[in-house]
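Chemist: after the sequence you'll find the predicted model.
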Amino acid sequence: MLDLRLIRQDSELIREMLRKRGEEAPLDELLELDNQRRKLISEVEQLKAKRNAVSDQVAQMKRNKQDASALIEEMKVVSQTIKDYDEQLRVIDEQLLDRQLRIPNIPHESVHVGTSADDNKEIRRWGEPRQFGHDPLPHWELGVNLDILDFDRAAKVTGARFYFLKGLGASLERALINFMLDVHTSEHGYQEVFPPFIVNKHSATGTGQLPKFGEDMFKLENLDYYLIPTAEVPVTNLYRDEILDGDRLPLYHVAYSACFRSEAGAYGRDTRGVIRVHQFNKVELVKFVMPETSYDELDKLVANAETILQKLGLPYRVTQMCTADLGFTAAKKLDLEVWMPSYGQYVEISSCSNFEAFQARRANIRFRREPGAKPEYVHTLNGSGVAIGRCLAAVIENYQQSDGSIEIPEVLRPYMRGLDKIS
RNA sequence: GGAAGGGUGCUUGAGAGGCCGAAAAGGACCGCCUGCUAAGCGGUUGAGGGUGAUUACAGCCCUCCGAGGGUUCAAAUCCCUCCCCUUCCGCCA
């Protein structure tokens, strides 16, 4: 959510920034509602001031055993008017908030203008894609051959875009989760949290999934509860409606969670393997920081995610999203893309964003620089550190051997009883 | 799922239609005092919004006692609905 004050003061600037992302936001409508709202407020508040003053008079007269019935009669009318105005105000507030919640974040000045994902920029690469002495197989063939992945039975048990991991495949998944959590907690200073995988609509609104993107989530029947699409939602909402002490910032959390996505509109894309599924695991990094530090914090966050891929020896590149590919909530976003032999290209495995105060304003997360200071909105950031399912696929494909077995990356071996391969 | 009791400021906790943004205590902060610390004394200590002012201080006003409705001239206080917490029972990992 953007600062209404800023929109009021400099609507042209906001309009221009939104245009860069390819959005036409209904700012005129918003400003008109804002105007109406303020006009109504000053009218109704005058009446309320009067009501309060007269109520005091009535109280005093009653104490003095005087007759206050004339005043009471007069106030009946005033009270009814207040009620009517309050109702009008409630409707306007609701409309205004709804409009505000549907306007995306504005890009940071360092974000280049583009019209689609094709305009995203590669920033750097790490590692060299391996030259195979054989035709590399995709993970869905390797995994099925080794009987560590089972898509057919998952389709029976649930449906399309689900899979079972079995035996050492399940171990490998678990090893990746533990490895990443350990690195981020012991080397990068993140505090681990284990969040609920179901959130209410306030939380989903706070991080920006609602009201516009409800279709992307699984909703529980007859409840205002949603399966989380990412741990970002519960972890960012940890401090919703709170004022944090400034000396607690920056606050770093790392969370493992399952993620659930309806993938509405993704029919026909990435239909094979574990790349695009309805349920996957992810280790997520979330930060709450002071505004002036948030872009440094973003760089550090990206570096923390890169460390994981480096330790796993997986080639990757870092790309910066252009204005058109920021998503709804981000002011700046960098992706990590891992080399996926079956695709013959780099595939997104982490997405790191600075939301600035966009989420903090929605979720009302503030801090005080020092005791007694005015509360200010924090800046929130998050990034995958990294997506487990895609990482498992990348390990399987990049570490495959000509005999169809898979070498286990060295850093994972302590997590897999010292085994060095899956065969 | 059944029964009972609760949700008040940073915390504990009083208030049971008008004098209550809210007693009291604790905490924190600022003074004074004091070799230092502690104690003592005095003071300060919530958020949001409107207006003002024109970019940041004041003043004035409104709202907020879990959330939302209702009754009333007037609600923390009475009524209704919902949410959350605690305890007991049932069921269960």
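Modeler: All right, it came through fine.
Chemist: domains in chain A, by residue range?
Modeler: The record assigns chain A these domain ranges, following automatic domain parsing: A:4-101, A:117-422.
Chemist: ok, of those, where does mean pLDDT dip lowest?
Modeler: Of all those, the minimum mean pLDDT falls on domain A:4-101 (a mean of 89).
Chemist: and it, how far out from the chain's middle?
Modeler: 33 Å (Cα atoms, centre = their mean, to the nearest Å).
Chemist: now do the end-to-end distance for it.
Modeler: 11 Å (Cα to Cα, to the nearest Å).
Chemist: close to RNA strand B, is it?
Modeler: Yes. Applying Cβ under 7 Å from any atom of the strand, one finds domain A:4-101 touching RNA strand B at A:9, A:38, A:41-42, A:45-46, A:48-49, A:51-56, A:58-59, A:62-63, A:72, A:75-76, A:78-79, A:83, A:90. Quick note: C-beta positions are derived from backbone N, CA and C, even for glycine.
Chemist: mind jotting down where the helices sit in the stretch 301-423 of chain A?
Modeler: Secondary structure of the stretch 301-423 of chain A (DSSP state H, counting those that start in this stretch): helices located at A:358-363, A:388-398.
Chemist: can you add mean neighbour count and distance to residue A:257 and give the ones you listed back as CSV?
Modeler: Output for these, formatted as CSV (neighbours: other Cβ atoms under 10 Å; distance: least, Cβ to Cβ, whole Å):
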stretch, mean neighbour count, distance to residue A:257
helix A:358-363, 24, 17
helix A:388-398, 25, 10
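Chemist: now a ChimeraX select for only the buried ones of the residues of domain A:4-101 next to RNA strand B.
Modeler: Of the residues of domain A:4-101 next to RNA strand B, the buried ones go into a single ChimeraX selection, burial set by 16 or more other Cβ atoms under 10 Å:
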select /A:54,58,75
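Chemist: which of the residues of domain A:4-101 next to RNA strand B fall within helices?
Modeler: Among the residues of domain A:4-101 next to RNA strand B, the ones falling in helices (DSSP state H) are A:9, A:38, A:41-42, A:45-46, A:48-49, A:51-56, A:58-59, A:62-63, A:72, A:75-76, A:78-79, A:83, A:90.
Chemist: and the residue in the stretch 201-350 of chain A positioned nearest to RNA strand B, which of the three is it?
Modeler: Scanning the stretch 201-350 of chain A for the residue nearest RNA strand B gives residue A:243, at 6.6 Å (criterion: Cβ to the nearest atom of the strand). Here residue A:243 is recorded as strand under DSSP: H, G, I helix; E, B strand; the rest coil.
Chemist: what is the burial count for it?
Modeler: The local packing of residue A:243 (other Cβ atoms under 10 Å) involves 14 other residues.
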